[in-house]
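1. Here is my input, please return the structure:
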Amino acid sequence: MKFLWKNLPVFFIWFVGLSVLNNGLHHIVPQLESIRYLSLLSLAASLTLLWFACRKERGGEGTVRMYLLWAAGMTAVYLTPLLHGLSLPLDEKTQRLWYEFSALAQFVILFVHGRTWLVRWDWVWVFGVTLVFGLILENGGIVLGFFSEPGYLLYIPGLPAPLATALGWVNVLYCTFFAVEKLLPPMPAAAKGLVCTLIGLSLDIPFDPVATRLGWWVWDLSLGAKIWGVPAVNFIAWFWALFPYGTAYYWVRQWKNYGEGRKVLLMVGSFPVILMVEFLGVVASLSLTGDRESILIFKRFFSFLGLM
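-> Residues are numbered from 1 along each chain as shown. Here you go, the predicted structure:
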């Protein structure tokens, strides 16, 4: 239990993947067949990070044995939803309530876990700067017109996105930050940003088909290019949301000649630049993939503002 708590983000990734797999197969009718293989991404990410956690725990001696024991148990439990056909459908309202409650509960648990490794300004970076950025991203997608998130209980006054989905960005990035800073070997800022992106996608790719099916977010009807029932722009946007932010996050944090308070202000002040890079990356990717419908939503938004 001590090892599990110490490395909780590794098991968080595993648990989210397991929950999504179980939900997609046994609480949705008809079941979501694609989740059978998409959920393996979360399992692969958690087992990869587990290796580094075991190596850090044992320092080399007994690492393989410890890893194999943990990995075998985690994999066996993870695959149990594939071994039975029990169906217990839940209505969309109940599903949304469970999702909202779980996102809030996960945030609280990860916040408490932060006491095991965060010091001083780390709290501001992880639960302050990242939360603000998550709020911008989640509400920005709604304002642009790509999707809506109706029917939740808790909203921040004046904002269209529910609290749960905004906190979800922090939950995901908390796990990526822990992996980069506590488990993986030293890397350049861009490599750290890429690792954050890959871990984030390992959670998002299996999660979004279930969330879309259950109406946790409702996509604009004009979006046609879909992968696993989800508009392709979602996965493109996730990549371009995480990679520039993760790279900038670690690039700014490594500056030696600035105090932490000044670095925080510089990071927040650079949000417009980061968002512009993300916007250009998304538009370029959509152009290369020929996703005309998504580009038209951008054009519709800027026409509304009188900029086109």
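2. Tell me where this structure has strands.
-> In the chain, the strands defined using DSSP state E lie at 147-148, 218-219, 226-227, 230-231.
3. Relative to the second one, what are the paired strands and their orientations?
-> Pointing back at strand 218-219 there. strand 147-148 (antiparallel) (DSSP bridges).
4. If you count neighbours, what's buried in stretch 289-302?
-> Neighbour-count burial for stretch 289-302 flags 291, 293, 294, 297, 298 (criterion: 16 or more other CB atoms under 10 Å). In short, each C-beta sits where N, CA and C put it, glycine included.
5. Just send the residues you listed back as TSV, with distance to residue 262 and pLDDT too.
-> Below are the buried residues of stretch 289-302 laid out as TSV (distance: CB to CB, whole Å; pLDDT from 0 to 100):
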residue	distance to residue 262	pLDDT
291	40	89
293	43	92
294	38	93
297	38	92
298	34	89
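6. Out of those residues, which is nearest to residue 220?
-> Nearest to residue 220 among the buried residues of stretch 289-302 is residue 297, at 6.1 Å by CB to CB.
7. what's around the nearest residue to that closest one once chain neighbours are set aside, how many residues?
-> Distances taken as CB to CB, 6 or more residues apart in numbering place residue 145 nearest to residue 297, at 5.3 Å, with adjacent residues excluded. A count of nearby residues for residue 145, using other CB atoms under 10 Å, gives 14.
8. Correct me if wrong: residue 145 contacts residue 294.
-> No. Judged on CB atoms under 8 Å, residue 145 makes no contact with residue 294 at a distance of 10.4 Å.
9. ok so, going back, ranking the strands of the chain by burial, who's on top?
-> strand 230-231 (a mean of 24; mean count of other CB atoms under 10 Å).
10. Can you list the strands that it pairs with?
-> Strand 230-231 has these strand partners (DSSP bridges): strand 226-227 (antiparallel).
11. tell me which residues in stretch 277-288 are buried?
-> Neighbour count says stretch 277-288 has 277, 278, 281, 282, 283, 285, 286 buried, by 16+ other CB under 10 Å.
12. what residues are up against the first one?
-> It refers to residue 277. 240, 244 (CB atoms under 8 Å, 6 or more residues apart in numbering).
13. So for it, what's the pLDDT?
-> Looking at residue 277, its pLDDT is 95.
14. Check the fifth one too.
-> The predicted structure scores residue 283 at 94 on the pLDDT scale.
15. I'd like the distance between the residue nearest to residue 267 when sequence neighbours are not counted and residue 174.
-> Leaving aside its chain neighbours, residue 267 sits nearest to residue 252 (4.8 Å; criterion: CB to CB, 6+ apart). Residue 252 is 18 Å from residue 174, where distance means CB to CB, to the nearest Å.
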